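K.L.:
build me a structure from this.
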Amino acid sequence: MIGDIVGKGGRNTLNILLPKIISEHEIDYVIAQGENSAGGFGITKKTSRQIFNSGVNVITSGNHIWDKSDIFEDLEKFNSKILRPMNYPKEKPGTGLYVDENIAVINLIGSVWMGKIDSPFNQIESILSQIPSMPIFLDFHAEATSEKAALAWHLDGRITALVGTHTHVATLDNKILPNGTAFVSDLGMVGAKDSILGMDKDASIARFFNGDKRRMKPVEEGKMIFNSVAIEYDKTATNASKIYRIDQEIHI
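P.N.:
Predicted coordinates:
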């Protein structure tokens, strides 16, 4: 499961590193956070194709999923492999659940500091009732680490893994909870190392220093980081047996 892919630099880093990681670690399935892949805000048909062509099976998202209307058509396709948070209003394009014969992927967004959002704790119960007993992976796109941890503990033993996204800062709290659910507060990102969340430093600093809301752009060249976790599990069971970080750096 791969952290937020930020802009062209993130996409290029993914394209270079992911095929090698899949081979070296014998990865069977890849889930990646793609909502920042198009210019740092949103996702398009073009950027989603690039992500899939790098070796990703399912793309999850968050609060920027509708920033580019180009993606709406793909979100509405039957059993789309591009997800949006399930606890957004139903009239919004897309779904937050993907299921095939081997795996289920859920996408939810947090309710703390993320605007008026339906409770993910209430939403998850109706989602799980739709899924047969199988490996279930949840991308919880949330600001508060406490909310991520609370949902993981609430679901311990009922899903294979819950990973946090959104903050773009990788955490080192990856672990298997007592009843077998893998957890990490935040996957991190795929983007520029010398940046602020993958974006141009000066524009970000200006927003805090003097309120200058100049356009923020992803950094496309230089040192790039790739943040992710690998999760090992038995395909015939729900529980995970291992979760470990795969973090790499390159220069492009």
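
K.L.:
number of residues surrounding residue 179?
P.N.:
Counted with other C-beta atoms under 10 Å, the neighbours of residue 179 add up to 12. (Each C-beta comes from the backbone N, C-alpha and C, glycine too.)

K.L.:
same deal with residue 160?
P.N.:
Residues near residue 160, counting by other C-beta under 10 Å, number 25.

K.L.:
can you pull the contacts of it?
P.N.:
135-137, 180-182, 231, 233, 238-240 (C-beta atoms under 8 Å, 6 or more residues apart in numbering).

K.L.:
repeat that for residue 114.
P.N.:
63, 142-143.

K.L.:
equivalent analysis for residue 189, please.
P.N.:
3-6, 10, 36, 168-170, 197-198, 225, 227.

K.L.:
can you do 6 Å?
P.N.:
3-4, 6, 168, 198, 227 (C-beta atoms under 6 Å, 6 or more residues apart in numbering).

K.L.:
got it, and residue 247?
P.N.:
Taking C-beta under 6 Å, 6+ apart as the criterion, residue 247 is in contact with residue 227.

K.L.:
tell me where the stretch 51-200 of the chain has strands.
P.N.:
58-60, 97-99, 104-109, 136-141, 161-165, 175-176, 182-184, 189-192 (DSSP state E, counting those that start in this stretch).

K.L.:
tell me how far the shortest one is from the chain's mean position?
P.N.:
Think strand 175-176. 18 Å (C-alpha atoms, centre = their mean, to the nearest Å).

K.L.:
within the sheet, what are the partner strands of it, with directions?
P.N.:
Taking DSSP bridges as the criterion, strand 175-176 forms sheet pairs with strand 182-184 (antiparallel).

K.L.:
which other residues reach the strand it pairs with?
P.N.:
Outside strand 182-184, the residues that touch it by C-beta under 6 Å, 6+ apart are 152, 161-163, 174, 176-177, 229, 231, 240, 243.
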